[in-house]
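Asker: after the sequence you'll find the predicted model.
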Protein chains: 2
Amino acid sequence: MNLKGNDPIGVFDSGLGGLTVVKELLHELPNERIVYFGDTARVPYGTKSRETIIRYSKEIVSVLLKRRVKMVIVACNTASSLALDVLKAEYKLPIIGVIDPGARKAAMTTKNKKVAIIATHSTVKSGKYAKRLKQLKRGLNIISQPCPLFVPLVEEGWLEHDITIQTAQEYLKDLKAAQVDTLILGCTHYPLLKKVIGYVMGPKVTLIDSAKEIAFEVKSTLLERGLLRTDLKPPDHLYLVSDEPDIFKYRAVKFLGCSMDNVKRYSL
Amino acid sequence: MNLKGNDPIGVFDSGLGGLTVVKELLHELPNERIVYFGDTARVPYGTKSRETIIRYSKEIVSVLLKRRVKMVIVACNTASSLALDVLKAEYKLPIIGVIDPGARKAAMTTKNKKVAIIATHSTVKSGKYAKRLKQLKRGLNIISQPCPLFVPLVEEGWLEHDITIQTAQEYLKDLKAAQVDTLILGCTHYPLLKKVIGYVMGPKVTLIDSAKEIAFEVKSTLLERGLLRTDLKPPDHLYLVSDEPDIFKYRAVKFLGCSMDNVKRYSL
């Protein structure tokens, strides 16, 4: 596989959530070209089985490879938890998931060795965050909590609504009681609830935003491999979605913080 | 197309919700065989585009036809709103959606001519309920309200939770203020929230459960066409799902009110 620095970075997610990762990439690596794939026709992944997530992920990586990406970022916690190993074994290019960068940052951050992970059912059930954290640091006390209503609350736009605060209080009460000092936002939608989650957990708890961490990891990987884009033309990004582009464009602004031009449909 | 009474009734939905329809069918037509298809690998439909819903619906009807069904019930409000016309034009067997039976019952029920519909974004946007209601009765005052958090609240099992009550109060406040006397539960998940919705709307409002209405319509269609099952053996039902059968079986009890034996995977 002949990877070239001027080729784009491929990023995929079950839908919109991965745009929180794109946002950090654009900030950290403003000269890179991005090809994003959002599987909006089959979103969400968080309630689906491992077998199905692997099948969907492979289909998407094939699409990205046709676009000659030099690297793939699995910007979806569920797909990172369930399909990353399979993808890494199957394809020759660098593939980075969101679990590792988030877990590393959490292991470095915690002082009282009590770390919590909030995520979808599938991500929690996979146990991948807990496993990785234990490899990184001994004697950690790890608690996981699925928060399935957070994604629909974000999609409803209730980012600071009373009901969102109460839902957070309900989901997070055991983590508060356990006095964790570090909380991993284990789903790409959750950074949009940072204010509410931070308010409920209190000022002593550090929230780990995987989107930021993965951007640092991508930068160092490209540097190490000499794969940074050197082209001086401003990069043109491409967003592919499996459902209607207009719905995606309309809702994407919230995640990306800016609008996007080049959104195309690609049916799977 | 040679339809036979002893052939099964095909029922499909984006996931579990259609089981509320199956429950009413088993009650109303206990001698009929059911082949159910739940598209659990691509659930939910309520946020997806018309084009995608039509494509998915056609794929599922083809699967049901291979199982030699004598009739198809579109037990999903979104698919009924967006794909029913296309399906009816394309296939020769009787196809029944959930919109018509629910709208008819609502038109018969209302006294003050103020009718509300609650449903997913796609169903509300399609305007199908409102259009049908206006054909059925003159001078109706119709209000529609999308309630996208109701499905995840049901799936979380928070059927009578404080947060569910507050969410219902938020979604339903305009409908209450408008003093509707009839409310259509325009999504197959919503009958599970009947208690909360009834409590919030108050005792003067009649809730229309499309699942019950469609069962009556199926019965009369089979009677008219001489297509009732006459076989004396107890019927054996079949449940096909596009994702992991075990997850479906585990969660289905809540919707069906009883467990199920024959659940198989059918990847699309």
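Answerer: That came through, no problem. This one's a predicted model, so the numbers in the text were calculated from it and none came from an experiment.
Asker: need the nearest residue in space to the residue in the stretch 151-268 of chain A positioned nearest to chain B, chain neighbours excluded.
Answerer: Relative to chain B, the nearest point of the stretch 151-268 of chain A is A:Glu244 (3.5 Å; CB to the nearest CB). C-beta here means a position set from N, CA and C on the backbone, and glycine is covered the same way. In space, A:Glu244 comes closest to B:Ser49 once its chain neighbours are excluded; the distance is 3.5 Å by CB to CB, 6 or more residues apart in numbering or on different chains.
Asker: could you check the pLDDT of the one you found?
Answerer: You'll see B:Ser49 listed with a pLDDT of 90.
Asker: about what we covered before: does the residue of the stretch 151-268 of chain A closest to chain B really touch A:Val263, like I thought?
Answerer: No: under the criterion of CB atoms under 8 Å, A:Glu244 lies out of contact with A:Val263, with a separation of 9.8 Å.
Asker: quick one: common contacting residues for those two?
Answerer: Common contact partners of A:Glu244 and A:Val263 (CB atoms under 8 Å, 6 or more residues apart in numbering or on different chains): none.
Asker: get me the contact residues on the stretch 51-200 of chain A for chain B.
Answerer: A:51-52, A:55, A:148-149, A:151-153, A:155-156, A:162-163, A:166-167, A:170 (CB under 8 Å from any CB of the partner chain).
Asker: point out the least confident one among these.
Answerer: Lowest confidence among those: A:Glu155, with 86.
Asker: who's in contact with it?
Answerer: So A:Glu155 contacts A:16, A:189, A:251, B:47, B:148 (CB under 8 Å, 6+ apart).
Asker: now A:Met1
Answerer: With CB under 8 Å, 6+ apart, A:Met1 has these contacts: A:92-93.
Asker: tell me, how many residues neighbour the residue nearest to A:Asn141 when sequence neighbours are not counted?
Answerer: For A:Asn141, ignoring the flanking residues on the chain, the nearest one in space by CB to CB, 6+ apart is A:Lys114 at 4.7 Å. Neighbourhood size, A:Lys114 [other CB atoms under 10 Å in any protein chain shown]: 18.
Asker: pull up the per-residue confidence for A:Lys111.
Answerer: Per the predicted model, pLDDT is 98 at A:Lys111.
Asker: before we move on, the earlier item: what about the residue nearest to A:Glu244, neighbour count?
Answerer: The number of residues packed near B:Ser49 is 20, by other CB under 10 Å.
Asker: now find how far off-centre the helix or strand bottoming out on mean pLDDT in chain A is within its chain.
Answerer: Among the helical and strand segments of chain A, the one scoring lowest on mean pLDDT, DSSP states H and E is helix A:245-256, with a mean of 88. In terms of CA atoms, centre = their mean, to the nearest Å, the centre of helix A:245-256 is found 17 Å from the chain centre.
Asker: quick check: which ranges of chain A have low pLDDT?
Answerer: Filtered on pLDDT under 70, chain A yields no residues whatsoever.
Asker: switch to 80 and redo it
Answerer: For chain A, the stretches flagged by pLDDT under 80 are A:1.
Asker: domain assignment for it?
Answerer: A:9-97+A:212-265, A:100-210 (automatic domain parsing).
Asker: tell me where chain A has strands.
Answerer: Ranges of strands within chain A are A:9-13, A:34-38, A:71-74, A:95-97, A:114-119, A:141-146, A:182-185, A:206-209, A:238-241, A:263-265, based on DSSP state E.
Asker: neighbours of A:Arg33, how many?
Answerer: 20.
Asker: need phi/psi at it.
Answerer: phi -90, psi 140 (degrees, to the nearest 10).
Asker: looks like it contacts A:Gly5 (just checking).
Answerer: No: between A:Arg33 and A:Gly5 there is no contact under CB under 8 Å: 10.5 Å.
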